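# Kindly generate the corresponding structure for this input.
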Amino acid sequence: MRRLRNVKIVATLGPASETYDMIRGLHEAGADVFRLNMSHGSHDEIREKHRIIRQVEKDLQSPIAILADLQGPKLRVGVFANGEEELVEGAKFRLDLDEAEGDITRVCLPHPEIFAALEAGSNLLVNDGKIRLKVDACGDDYADCSVTIGGTISNRKGVNVPDVVLPLAALSEKDRDDLEFVCGLGVDWLALSFVQRPEDVEEARGLAQGRAAILSKIEKPAAVESFGEILKASDGIMVARGDLGVELPVSAVPPIQKRLVRKCRQAAKPVIVATQMLESMIESPMPTRAEVSDVATAIYEGADAIMLSAESAAGQYPVEAVTTMNDVAVEVESDPTYREIIEASRSAPRSTVADAIVSAAREIAETTEVAAICCFSQSGTTALLIARERPRVPIIAMTSLRGTSRRLALSWGTNCVIVSDVSRFKMAVVASARAARDLGYATNDDQIVVTAGLPFNVPGTTNILRVAPCEERLIFNMEEE
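Okay, the predicted model is just below:
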């Protein structure tokens with residue numbers, strides 16, 4: 001399904017978007033990737049959504065990526081005798097391991113690992129940061145705190161600990177079960193929550209065993225500090241601005257977003273900008289102007305994808321939200337300023353043959369009359385390198401592996417085509433020319449750039465480039481030679 005923009009759209013599925021007609025409608029409106037939130041829904045419900053997505057993919061003959069978002073460890077307080085209490089600024093409040101019901105002076109925090117990591121002066125954020133506690137004194141089973149920002153605290157509200165690296169694995173027992181389940185289903189991407197260190201990513205990779213690509217969610221200050229190592233260990237990144245904006249000052253999030261997006265582009269790894277992008281569309285058919293500007297900013301930065309959460313999962317206007325994102329993307333990418341920003345922020349050439357080939361492909365496409373860049377890529381690496389260049393012409397990724405075509409649905413500007421295995425570069429050129437014409441990216445009078453690696457079907461061997469005609473007569477002659 002041809003898109004008129006390069007940035008990809010991720011839509012979260014939920015109660016508002018679980019039928020065949022709705023999921024198909026979301027894809028036709030512009031959703032390239034569907035997110036399955038493992039924090040909600042049983043395995044049977046997730047299995048059914050997965051089945052429907054694959055049916056839509058089959059019916060529309062359009063590769064769709066499925067992203068399973070693992071919940072991660074959830075840190076929550078216990079319960080209160082009265083259900084809730086009102087904490088006022090300046091009051092004293094204790095967190096401890098005592099399972100007795102809480103009151104105005106204390107509540108259980110059933111996470112000894114938190115107490116082991118706390119120090120005097122550490123901050124604890126409760127209920128998405130609406131309540132802030134400062135640790136005055138702490139031990140192995142308690143933390144005596146002062147309330148610096150008051151509010152209503154109630155049963156099982158979440159707790160964030162921004163100041164320390166917690167001795168917690170990114171994968172809980174539930175996550176391990178969910179990971180095995182969704183890998184068995186055949187999802188394409190695994191989003192890993194609560195990442196603090198590269199070892200968290202390696203643990204998930206070991207469990208996935210190549211069945212899905214690993215995407216790290218950056219939502220902890222520790223992850224921002226260790227981002228270089230986490231990026232190297234990951235296949236992709238999600239800038240999860242919700243939790244990031246709780247644990248860090250909200251004013252710090254925009255520059256962090258810009259830095260992370262640029263680093264991902266330099267590394268040729270897909271990056272999603274997520275959380276509250278069109279939040280008002282949960283209840284309104286129209287977004288706010290600020291939300292539209294937020295979406296546009298992520299596109300101007302060159303993000304590979306932008307994501308809808310509750311807007312498409314539980315909102316009243318899921319298709320309208322996807323349509324809005326699509327329309328904003330088309331408008332932004334047609335703005336001459338967009339190309340100026342994208343090209344000004346392009347990274348310097350690398351030192352490998354593959355880097356040189358894709359850089360040359362982009363330069364040829366920009367200086368001559370070339371309609372598209374076609375690449376043969378079994379692992380998807382070549383397509384990602386071309387996407388890093390952010391060329392002005394469409395990218396057509398040719399692969400015989402359906403899994404590769406699905407994973408690349410998350411990558412900027414990449415349009416995937418399933419082809420039969422080829423053993424000669426001449427036949428790769430023929431297949432590319434026909435695909436470009438069939439998809440409407442080129443006409444009989446156009447030329448395309450074709451890249452591939454010899455020998456074929458060996459990852460990491462991109463070493464050849466050709467400018468080829470799309471004229472049917474010339475293609476026929478090549479087949480006959």
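# quick one, strands of the stretch 101-250 of the chain?
For the stretch 101-250 of the chain, the strands defined by DSSP state E, counting those that start in this stretch occupy 106-108, 123-126, 131-139, 142-149, 151-154, 159-160, 189-192, 213-218, 236-240.
# for the fifth one, which positions count as buried?
Spelled out, that is strand 151-154. For strand 151-154, the neighbour count (16 or more other C-beta atoms under 10 Å) marks 151, 153-154 as buried. Where you see a C-beta, it was placed from the backbone N, CA and C, and this is true even at glycine.
# same thing with the longest one?
Neighbour-count burial for strand 131-139, counted by 16+ other C-beta under 10 Å, picks out 131-135, 138.
# Show me the residue at the heart of this protein, geometrically.
Nearest residue to the geometric centre of the chain (C-alpha atoms, centre = their mean): Ile272, 3.7 Å.
# In a helix, that one, correct?
No: looking at Ile272 with DSSP: H, G, I helix; E, B strand; the rest coil, it is strand, so not inside a helix.
# Can you name the residues bridging to it?
On the basis of DSSP bridges, Ile272 is bridged to Met238, Ala305.
# What pLDDT is listed against the nearest residue to Asp140 once chain neighbours are set aside?
Excluding its sequence neighbours, the residue lying closest to Asp140 (C-beta to C-beta, 6 or more residues apart in numbering) is Phe115, at 5.7 Å. pLDDT for Phe115: 95.
# My guess is Phe115 contacts Asp144. True?
No: counting by C-beta atoms under 8 Å, Phe115 sits too far from Asp144 to count as a contact (11.2 Å).
# so what sits against both of the two?
Cys138 (C-beta atoms under 8 Å, 6 or more residues apart in numbering).
# Can you give me the neighbour number for the nearest residue to Lys269 once chain neighbours are set aside?
Nearest non-adjacent residue to Lys269, counting by C-beta to C-beta, 6+ apart: Gly236, 5.4 Å away. Gly236 is flanked by 25 other residues according to other C-beta atoms under 10 Å.
# Give me the distance between Gly236 and Arg437.
According to C-beta to C-beta, to the nearest Å, Gly236 and Arg437 sit 31 Å apart.
# Go ahead and list the helix or strand containing Val10.
If you go by DSSP states H and E, Val10 is part of strand 8-13.
# ok, the residue nearest to Val201 when sequence neighbours are not counted - contacts?
Residue nearest to Val201 in three dimensions, not counting chain neighbours: Ala233, with 4.1 Å by C-beta to C-beta, 6+ apart. Ala233 makes contact with 198, 201-202, 205, 214, 216, according to C-beta under 8 Å, 6+ apart.
# Hmm, Ile218 and the residue nearest to Lys269 touching each other?
No: the pair Gly236 / Ile218 is not scored as a contact, 11.1 Å apart, by C-beta under 8 Å.
# Neighbour-wise, which one of the contacts of Ala233 leads?
Ser216 (28 neighbours).
# For it, give me the pLDDT.
So Ser216 comes in at 98 (pLDDT).
# before we move on, what about Arg424?
The model reports Arg424 with a pLDDT of 82.
# how about it, phi and psi?
Dihedral pair for Arg424: phi -130, psi 150, per degrees, to the nearest 10.
# how many other residues sit next to it?
The tally of other residues near Arg424 (other C-beta under 10 Å) stands at 11.
# now swap in Glu86 and tell me
Number of residues near Glu86 (other C-beta under 10 Å) recorded here: 11.
# ok, Asn463 - contacts?
Applying C-beta under 8 Å, 6+ apart to Asn463 gives the contacts 353-354, 357, 453-454.
# who wins for neighbours among those?
For these, neighbours tallied by other C-beta under 10 Å; top is Gly453, 24 neighbours.
# I'd like to know how far Gly413 sits from Met281.
Distance, Gly413 to Met281, by C-beta to C-beta: 25 Å.
# again, but for Phe115
As judged by C-beta to C-beta, Phe115 and Met281 stand 41 Å apart.
# Comparing these two, which shows the higher neighbour count?
Met281 (25 against 18).
# partner residues bridging Gly102?
Per DSSP bridges, the residues bridged to Gly102 are Phe80.
# give me the low-pLDDT residue ranges for the stretch 201-350 of the chain?
Along the stretch 201-350 of the chain, segments meeting pLDDT under 70 span 349.
# A helix includes Glu89, no?
No: under three-state DSSP, Glu89 falls outside any helix and is assigned coil.
# can you give me phi and psi for it?
According to degrees, to the nearest 10, Glu89 has phi -60, psi 130.
# Export only the CA atoms of stretch 203-211, formatted as CSV.
Presented in CSV, the C-alpha positions along stretch 203-211 are these (Å, rounded to 0.1, in the frame of the first residue of the first chain):
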residue,chain,number,x,y,z
GLU,A,203,18.9,-10.4,28.3
ALA,A,204,15.8,-9.8,26.1
ARG,A,205,17.8,-10.6,23.0
GLY,A,206,18.9,-13.9,24.5
LEU,A,207,15.3,-14.9,25.2
ALA,A,208,14.0,-13.8,21.8
GLN,A,209,16.7,-15.8,20.0
GLY,A,210,16.3,-13.9,16.8
ARG,A,211,12.6,-14.3,16.6
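# Which positions in it come out as buried?
For stretch 203-211, the neighbour count (16+ other C-beta under 10 Å) marks 203-205, 207-208, 211 as buried.
# for stretch 108-118, same thing?
Residues of stretch 108-118 classed as buried by neighbour count (16+ other C-beta under 10 Å): 108-109, 111, 114-115, 117-118.
# Return the closest of those with respect to Gly184.
Gly184 has its nearest neighbour among the buried residues of stretch 108-118 in His111, at 30.3 Å by C-beta to C-beta.
# I'd like to know how far the closest one sits from Lys263.
Taking C-beta to C-beta as the criterion, His111 is separated from Lys263 by 32 Å.
# need the helices for the stretch 351-481 of the chain, in chain order.
Remark: helices assigned in the stretch 351-481 of the chain by DSSP state H, counting those that start in this stretch are 353-367, 381-389, 402-407, 425-438, 472-480.
# Can you say which of those helices is nearest to Gly14?
Nearest to Gly14, of the helices of the stretch 351-481 of the chain and by C-beta to C-beta, is helix 402-407 at 21.2 Å.
# got a list of contacts for that closest one?
Against helix 402-407 from outside (C-beta under 8 Å, 6+ apart): 63-66, 188-189, 213, 377-380, 397, 399, 416-418.
# Mind checking which of those are in strands?
Among the contacts of helix 402-407, the residues falling in strands (DSSP state E) are 65-66, 189, 213, 397, 399, 416-418.
# From those, keep the buried residues only.
65-66, 189, 213, 397, 399, 416-417.
# per-residue confidence at Gly413?
So Gly413 comes in at 97 (pLDDT).
# which ones are touching it?
For Gly413, the contact set (C-beta under 8 Å, 6+ apart) comprises 6, 387, 390-391, 394-395.
# Please state the offset of stretch 153-167 from the chain centre?
Stretch 153-167 has its C-alpha centroid displaced from the chain centroid by 24 Å (C-alpha atoms, centre = their mean, to the nearest Å).
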